[in-house]
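**Q** just coords:
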């Protein structure tokens, strides 16, 4: 008897439907075809033992399982429940009338229990798109899939519950949630706040500008100056995620297996801070079965690289293309996958190996030439993609001990959101551009127009500060953002002057 059950496979962050065709006939062999990997082929042992331990039996006849389409590689243990259901139905142990109406996924334990699997959110979205009535999956994955409205989500603890459900002996309670209610109840909830930081008003201002225009930023300063503390609070002043952004971000984390059983919808912008020993594959994504890397996990949020010169040169260089294209393509001999990677890069570094170059009270102990050598660990093309350079100085004791209260993140975020609305209106006819930092070079002169006074100021600054030519476009983009924050349709000289101030740590100036 031939029975078809349905599961899903993830490619990138999208899913495709997989049909498990189970045929039980004469013979005594078990075969599984359709490009299964080792974990899928091993499903026979798990299914056989699970059935025995739950009082069911594996047919001692010829069983052929075809996972279609056969030209797509099937990976992992998530097909166990789908195949086991097909075997039970094809062998006549279970009613088969309703099986085709459900997507079925889950890993089987030897005792018949169901273990959670990753990547079920995009599969649930695909199931709704293709008109399935429901989705049967492990209980631990219920909250992840329940944010998909219009699809009945059934969480099962073990194989017997699924068996009795299709036989009509026991009902599974569908799980669901109000996606919008979950989303709006969780946005803008952060443990940190900008008001936690004493002093550093200049750096706070630079982070506000970076958030308003989507600019990448690097903080340079001695140990203990507050670089990491400030960077961790950047997500708190970014505009709240939209519902579509939240769904897309949650899909990436679902595919990567980063969602816990209590997670439903990610409502806060991600903040990823990988250690400097990370490999290029872990940062960008990859592996034999490609998985999202840190830059994709930071999609719609912040990627923070602490102690930037300590990262391997090859690791930093792979950032260059994703920073420009805001996506990453991972190619293998037979296929390629795309992962979104639209993130803000925030980097921090010491000014020299000992950390005290330009320190107001401590002497630098580095030998001559070491500062230049240390900075040269960061390539010019990568530095070219960082719009704002800020020097972070230690906070004075009077500010640390003072009782003066700083602005809360909520107040700063209001100004950032207002500036982003201005940019959204400006770029409404330009597909793929939503912030000033994304303006291509060919359009910079048109969007960031300055008068003769501004041109004169910019020329003088570039000559006196020995700024590189690549700083020109960056200064114009940042000055456009500063003007947006000020509610000015035109870029004035004071906006340019502030943008120039935030390029004073350009590479050539430090040489």
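**A** Happy to help now that I have it. The structure presented is a predicted model; accordingly, all values stated were derived computationally and were not measured.
**Q** helices along the stretch 351-500 of the chain, start to end?
**A** Listed in chain order, the helices of the stretch 351-500 of the chain (DSSP state H, counting those that start in this stretch) span residues 370-375, 380-383, 397-401, 409-426, 441-447, 452-464, 471-485, 493-501.
**Q** okay, now the residue nearest to residue 453 when sequence neighbours are not counted: neighbour count?
**A** Take residue 453 and drop its neighbours on the chain: the residue closest to it by CB to CB, 6 or more residues apart in numbering is residue 493, 5.6 Å away. C-betas here are computed from N, CA, C, even on glycine. Neighbour count of residue 493, defined by other CB atoms under 10 Å: 15.
**Q** residue 360 now?
**A** Counted with other CB under 10 Å, residues neighbouring residue 360 total 9.
**Q** and if you look at residue 156?
**A** Neighbour count for residue 156, taken as other CB under 10 Å: 22.
**Q** follow-up on the earlier one: for the helices of the stretch 351-500 of the chain, which one ends up most surrounded?
**A** helix 471-485 (a mean of 24; mean count of other CB atoms under 10 Å).
**Q** by contact count, what packs against it?
**A** Other elements packing on helix 471-485 under the criterion 3 or more CB pairs under 8 Å, 6 or more residues apart in numbering; DSSP states H and E are helix 201-213, helix 409-426, helix 441-447, helix 452-464, helix 493-501.
**Q** all strands of the stretch 201-350 of the chain, in order?
**A** For the stretch 201-350 of the chain, the strands defined by DSSP state E, counting those that start in this stretch cover 217-220, 271-272, 285-286, 291-292, 302-305, 327-331, 336-340, 344-349.
**Q** out of these, the one nearest residue 243 is which?
**A** In terms of CB to CB, the element of these nearest to residue 243 is strand 336-340, at 16.1 Å.
**Q** tell me the mean pLDDT for that closest one?
**A** Taken as a whole, strand 336-340 has an average pLDDT of 88.
**Q** buried residues in it?
**A** 337, 339-340 (16 or more other CB atoms under 10 Å).
**Q** shouldn't the residue nearest to residue 453 be in contact with residue 457?
**A** Yes - contact criterion CB atoms under 8 Å: residue 493 and residue 457 qualify, at 5.5 Å.
**Q** hey, least reliable of the strands of the stretch 201-350 of the chain by pLDDT?
**A** Mean pLDDT values for the strands of the stretch 201-350 of the chain show the minimum at strand 285-286, a mean of 84.
**Q** partners of it in the sheet?
**A** Using DSSP bridges, the strands paired with strand 285-286 are strand 291-292 (antiparallel).
**Q** ok, residue 189 - contacts?
**A** Contact analysis of residue 189 by CB atoms under 8 Å, 6 or more residues apart in numbering lists 267-268.
**Q** try it again at 6 Å.
**A** Residues near residue 189 by CB atoms under 6 Å, 6 or more residues apart in numbering: none.
**Q** what pLDDT does the model give it?
**A** Looking at residue 189, its pLDDT is 77.
**Q** over to it: give its phi and psi.
**A** phi -110, psi 110 (degrees, to the nearest 10).
**Q** now it: how far from residue 252?
**A** Distance of residue 189 to residue 252, given as CB to CB, to the nearest Å: 20 Å.
**Q** which sections of this protein are below the confidence cut-off?
**A** Counting by pLDDT under 70, the ranges of the chain that qualify are 261, 397-400, 403, 469-470, 504-511.
**Q** to residue 314, which of the strands of the stretch 201-350 of the chain lies closest?
**A** Across those, closest to residue 314 is strand 285-286 (CB to CB), at 13.2 Å.
**Q** residues touching that closest one, excluding its own?
**A** 292-293, 296, 328, 330, 339.
**Q** one more: stretch 161-175?
**A** Here stretch 161-175 makes contact (CB under 6 Å, 6+ apart) with 94-95, 98, 136, 142, 146, 152-156.
**Q** also stretch 265-280?
**A** So stretch 265-280 is contacted by 147, 182-183, 186-187, 235, 238, 241, 246, 249-250, 294, 297-298, 301-304, 307, 310-311, 314-315, 318 (CB under 6 Å, 6+ apart).
**Q** how distant is it from the center of its chain?
**A** Between the centre of stretch 265-280 and the centre of its chain there are 7 Å (CA atoms, centre = their mean, to the nearest Å).
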